[in-house]
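no sequence on this one, just coordinates:
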């Protein structure tokens with residue numbers, strides 16, 4: 001399967017026919033968009049736009065989503081825009097409507113069959129599957145150390161999915177202290193498993209932990225019969241992913257709408 005075919009499959013399975021991410025979350029198809037709606041602690045936003053979306057319909061779709069989410073009382077929501085989405089100036093239209101663009105990431109996809117499924121962790125570290133509230137706290141601490149962001153929303157989302165077999169969270173410990181974490185979303189009925197949140201505390205970077213966590217999740221995805229792994233990667237992760245066999249298919253930029261405080 002070439003890059004164009006992989007991108008078309010990704011758009012069809014993971015965006016146009018998106019599945020809810022967690023309990024209490026719903027996916028809605030609203031004319032020209034597909035959106036996810038949950039509580040204020042869940043991820044809320046637009047994941048797909050019709051490929052034939054023209055300027056007038058784009059303006060109407062943007063206004064409709066702002067009205068919808070603000071009417072539900074959400075202080076913010078995201079429009080997940082891909083570089084191949086139409087119309088070509090959709091990003092400019094979102095900015096004009098009050099959205100703010102955050103840092104873009106690259107959409108990478110790799111066939112599971114071509115990925116390593118074993119990779120050693122550095123001496124003195126060990127990986128643990130998150131299975132209880134204590135594990136969630138360790139994972140959240142690792143995430144905050146890696147990314148410098150508040151993990152409150154991540155805590156809520158992970159606690160809600162501890163018994164969900166389509167969700168996997170892993171934390172790496174060094175002498176009992178969290179130094180890295182990663183998650184994986186398994187999407188039944190699709191060819192894709194998604195990699196999320198792979199991050200390592202600054203003092204532990206460059207030692208192979210990121211690669212080891214990819215291999216760990218690739219092994220689980222292979223055992224569950226998934227064909228592809230997908231990840232939205234920063235520039236820091238991109239070189240590692242390319243060396244492992246991932247292909248860049250598009251870029252994605254979060255456009256975030258926030259109501260006035």
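Cool, got the structure. Here the structure is a predicted model, which is why all the values come from computation and not from measurement.

so the residue nearest the centre of the chain is in which element?
For the chain, the residue nearest the mean C-alpha position is residue 196 (4.9 Å; C-alpha atoms, centre = their mean). Assigned by DSSP states H and E, residue 196 falls within strand 192-200.

Paired strands for that strand, with orientation please.
Take DSSP bridges as the rule and strand 192-200 pairs in its sheet with strand 177-186 (antiparallel), strand 228-233 (parallel).

returning to that earlier point: how about the contacts made by the residue nearest to the centre of the chain?
Going by C-beta atoms under 8 Å, 6 or more residues apart in numbering, residue 196 touches 182-185, 231-232. Yep, even glycine has a C-beta here, placed from its N, CA and C like the rest.

picking that back up, select, out of the strands paired with strand 192-200, the one closest to residue 42.
strand 177-186 (13.5 Å; C-beta to C-beta).

Give me the contact list for the closest one.
Everything outside strand 177-186 that qualifies as a contact, by C-beta under 8 Å, 6+ apart, is 21, 125, 138-139, 141-143, 145-146, 158, 165-173, 193-201, 203-204, 209-210, 213-214, 216-217, 220-221, 224, 226.

Please tabulate the strands paired with strand 192-200 in CSV, including the columns distance to residue 121.
Below are the strands paired with strand 192-200 laid out as CSV (distance: least, C-beta to C-beta, whole Å):
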stretch, distance to residue 121
strand 177-186, 9
strand 228-233, 19
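
Among these, which comes closest to residue 104?
strand 228-233 (9.3 Å).

For PyMOL, write a command that selects the buried ones of the contacts of residue 196.
A single PyMOL command selects the buried members of the contacts of residue 196 (16 or more other C-beta atoms under 10 Å):
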select buried, resi 182+183+184+185+231+232
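
Switch the contacts of residue 196 over to JSON lines; also include pLDDT and distance to residue 4.
Below are these laid out as JSON lines (pLDDT from 0 to 100; distance: C-beta to C-beta, whole Å):
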{"residue": "182", "pLDDT": "98", "distance to residue 4": "29"}
{"residue": "183", "pLDDT": "98", "distance to residue 4": "28"}
{"residue": "184", "pLDDT": "98", "distance to residue 4": "26"}
{"residue": "185", "pLDDT": "96", "distance to residue 4": "24"}
{"residue": "231", "pLDDT": "98", "distance to residue 4": "19"}
{"residue": "232", "pLDDT": "97", "distance to residue 4": "19"}
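
ok, the contacts of residue 196 vs residue 109, which is closest?
residue 231 (8.0 Å).

wait, isn't the closest one in contact with residue 192?
No. The criterion here is C-beta atoms under 8 Å, and residue 231 misses it with residue 192 at 10.5 Å.

What are the buried residues along the longest strand anywhere in the chain?
For the chain, the strand with the greatest residue count under DSSP state E is strand 247-258. For strand 247-258, a neighbour-count test (16+ other C-beta under 10 Å) marks 249-250, 252-257 as buried.

Can you tell me the closest non-neighbouring residue to residue 15?
residue 48 (3.7 Å; C-beta to C-beta, 6 or more residues apart in numbering).

repeat for residue 161
Counting by C-beta to C-beta, 6+ apart, residue 167 is the residue found nearest to residue 161 once chain neighbours are left out, at 4.3 Å.

Likewise for residue 138?
Leaving aside its sequence neighbours, residue 138 sits nearest to residue 178 (C-beta to C-beta, 6+ apart; 4.4 Å).

so that neighbour bridges to which residues?
Residue 178 has these beta-bridge partners by DSSP bridges: residue 173.

No further queries at this time; thank you.
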